[in-house]
Every structure is written in C-alpha cells, then in structure tokens.
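A.B. asks: No sequence on hand, only this structure:
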C-alpha cells in the first residue's frame, strides 16, 4: 500500500460528504459543512490532508495546532475500507510524512472506538488509561 497526501480542495467535498451516510463515521466526526471547509482551508493553525492510494481518496486527516510543535489530530478512513489495515497504514505514512512537522500529536478517542485505539497503539501513540472530563482517551505521539 503506497499512501500519498495532498491538501483538501473544494472539489473533494462532495465525495467526503457521501462518507457521512455511514452511521459510525457520522457518530464520531462532524459533517464537513461549508463553514468547516472555510475553517480548514483558511486558518493558519489548521491543515487538512487527503490520503490517497492509487489516486483514490482513502482518508481525511485534520490537524489543528495551538503552537508550532503540538497538533490535535482527527482521522477518518473511507467507510468501505474499514477493518482492512488502512487506518494503521495511513497513520504510519502520515507520521513519517506531513506529521513530522509536529513534535507532539494528540488525538481524543472514545473508549468504545476500539479500531482507532488499536490503530494509534500500532503506530506508537501512548493511550491514557482513564478518560478525560469529556469521556475521551488521549492518544499522544511524540516525534522521534
């Protein structure tokens, strides 16, 4: 699996929005509205990439940062590709590619999201043993 990345464009919204017909994805992440698109493409502290395999979009990754070294990561794998190893492959490729811009990446994962927890563990994230005040587990990755 060869994963490449490019920044999100307006032409991608239709395809991304179709992913949210999937109940699991729409339960975990917010629908990509026009306001969200403006935010991820115009704010200096936010980047949004598409992960591609053989030219096809396989995932969306968004990183919001509060400083140059720390980013907050969201990852959405195209629903039809779940449970096939894509999440781990995409995250590993991101960490050795665009993710190297961040000394620390943090994700917040619902305790019942076992696939995301396994994906993060498999890529070297440290998972907090207890949920935070909002009920999420923190997943932390420190760049080598």
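C.D. replies: Done, it's in. Quick caveat, the model's predicted, so the values are computed rather than measured.
A.B. asks: list the contacts for residue 22?
C.D. replies: By CB atoms under 8 Å, 6 or more residues apart in numbering, the contact list for residue 22 reads residue 79. All C-beta atoms are positioned from the backbone trio N, CA, C, and that covers glycine.
A.B. asks: for residue 99, that is, sorry about that
C.D. replies: Contacts of residue 99 (CB under 8 Å, 6+ apart): 63, 71, 73, 105, 141, 143.
A.B. asks: a strand runs through the second one, doesn't it?
C.D. replies: Yes. Assigned with DSSP: H, G, I helix; E, B strand; the rest coil, residue 71 falls within a strand.
A.B. asks: Can you report how many residues lie near it?
C.D. replies: Residue 71 sits with 24 neighbouring residues when counted by other CB atoms under 10 Å.
A.B. asks: re the thing from before, dump the contacts of residue 99 into JSON lines; add pLDDT and distance to residue 42 as well.
C.D. replies: Shown next, in JSON lines, are the contacts of residue 99 (pLDDT from 0 to 100; distance: CB to CB, whole Å):
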{"residue": "63", "pLDDT": "96", "distance to residue 42": "15"}
{"residue": "71", "pLDDT": "94", "distance to residue 42": "17"}
{"residue": "73", "pLDDT": "96", "distance to residue 42": "20"}
{"residue": "105", "pLDDT": "96", "distance to residue 42": "22"}
{"residue": "141", "pLDDT": "96", "distance to residue 42": "26"}
{"residue": "143", "pLDDT": "88", "distance to residue 42": "26"}
